[in-house]
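Student: this one's structure only:
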């Protein structure tokens, strides 16, 4: 158990819908990262927040957005869902942003878009 | 940008040693990580290298050569439970994001 929690564990929805994935980092960690893992793309970095502020952006679609709240939990919002958005979405956290800061991954949310 | 290459699949025998290679090209290097991931589960941290050389952690060792853009993960005394994907990831010095390779699926046979 990494100490990072994600809800829900599974999510099944239809194309065109909107969903929210939630992540609580390890106690004391200020950085939260979101990753998408699909069968044909591997693990792709989406976005990073540090202490409430966006720090880095990866291959995140405009239909996707995220935020980190004052209590440091984070939410990833996916809208106008398409079949290709079906994937495992992982959240990770780390203590800071310096080198050597290991990222701890949550158990993931498996999203299925029908 | 960053480009990371590792073999797609490898097979090894229980009790043996296996080396998983990773080559990378990056515009800003701030460390290389190895993660283990069992199917459908979260990646778990194995090792981290930022300086050249070998880091040993029990049955697992990782090596880095920054000048060659090369790393390997060495697994000794293989066990059946080591069957998993092994992900090589490079950290950029612009932020703390990790760029992952496609992963190497290791199958350990009796």
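Tutor: Yep, it's here. Predicted model, so just to flag it, every value in this text is computed and none were measured. Numbers count the residues shown, from 1 in each chain, chains lettered A, B, ... in the order given.
Student: Which helix or strand contains the closest residue to chain B within chain A?
Tutor: For chain A and chain B, the shortest gap (Cβ to the nearest Cβ) falls at residue A:56, measuring 3.4 Å. Backbone N, C-alpha and C define where each C-beta goes, glycine included. Using DSSP states H and E, the element containing residue A:56 is strand A:53-57.
Student: just the angle between the helix or strand just after that strand and strand A:53-57, please?
Tutor: The first helix or strand that comes after strand A:53-57 along the chain, using DSSP H and E, is strand A:64-68. Taking axes from the mean of the first three to the mean of the last three Cα atoms, to 10 degrees, one finds strand A:64-68 and strand A:53-57 inclined to each other by 140 degrees.
Student: Check the average confidence over strand A:64-68, would you?
Tutor: For strand A:64-68, mean pLDDT rounds to 97.
Student: Tell me the buried residues in the helix or strand just after it?
Tutor: Following strand A:64-68 in sequence order, the next helix or strand is strand A:74-78 (DSSP H and E). Using 16 or more other Cβ atoms under 10 Å in any protein chain shown as the test for burial, strand A:74-78 gives A:74-76, A:78.
Student: Give me the sheet partners of strand A:74-78 and which way each runs.
Tutor: Using DSSP bridges, strand A:74-78 pairs in its sheet with strand A:19-24 (antiparallel), strand A:64-68 (antiparallel).
Student: For the last one, give me every contacting residue.
Tutor: If you take Cβ atoms under 8 Å, 6 or more residues apart in numbering or on different chains as the criterion, strand A:64-68 is touched by A:32, A:34, A:46-47, A:49-54, A:60, A:74-79.
Student: Apply 7 Å and report the result again.
Tutor: Contacts of strand A:64-68 from elsewhere in the structure, counted by Cβ atoms under 7 Å, 6 or more residues apart in numbering or on different chains, are A:32, A:34, A:46-47, A:49, A:52, A:74-78.
Student: for it, the distance to its chain's centre please.
Tutor: When distances are taken as Cα atoms, centre = their mean, to the nearest Å, strand A:64-68 is centred 8 Å away from the chain's centroid.
Student: In that strand, which residues are buried?
Tutor: Going by neighbour count (16+ other Cβ under 10 Å), the buried part of strand A:64-68 is A:64, A:66, A:68.
Student: swap in the first one?
Tutor: Neighbour-count burial for strand A:19-24, counted by 16+ other Cβ under 10 Å, picks out A:19, A:21, A:23-24.
Student: Please apply the same query to stretch B:14-28.
Tutor: The neighbour-count check on stretch B:14-28 (16+ other Cβ under 10 Å) flags B:18, B:20, B:22-24, B:26 as buried.
Student: farthest pair in the residues you listed?
Tutor: Farthest-apart pair in the buried residues of stretch B:14-28 is B:18 and B:26; separation 25.2 Å (Cβ to Cβ).
Student: all strands of the chain, in order?
Tutor: Just going to use chain A. Using DSSP state E, the strands of chain A run over residues A:5-7, A:10-13, A:19-24, A:31-38, A:42-50, A:53-57, A:64-68, A:74-78, A:87-94, A:104-105, A:109-113.
Student: that's the wrong chain, I meant chain B
Tutor: B:2-5, B:9-13, B:18-26, B:29-37, B:44-49, B:53-57, B:60-65, B:70-75, B:84-92, B:98-100, B:104-109.
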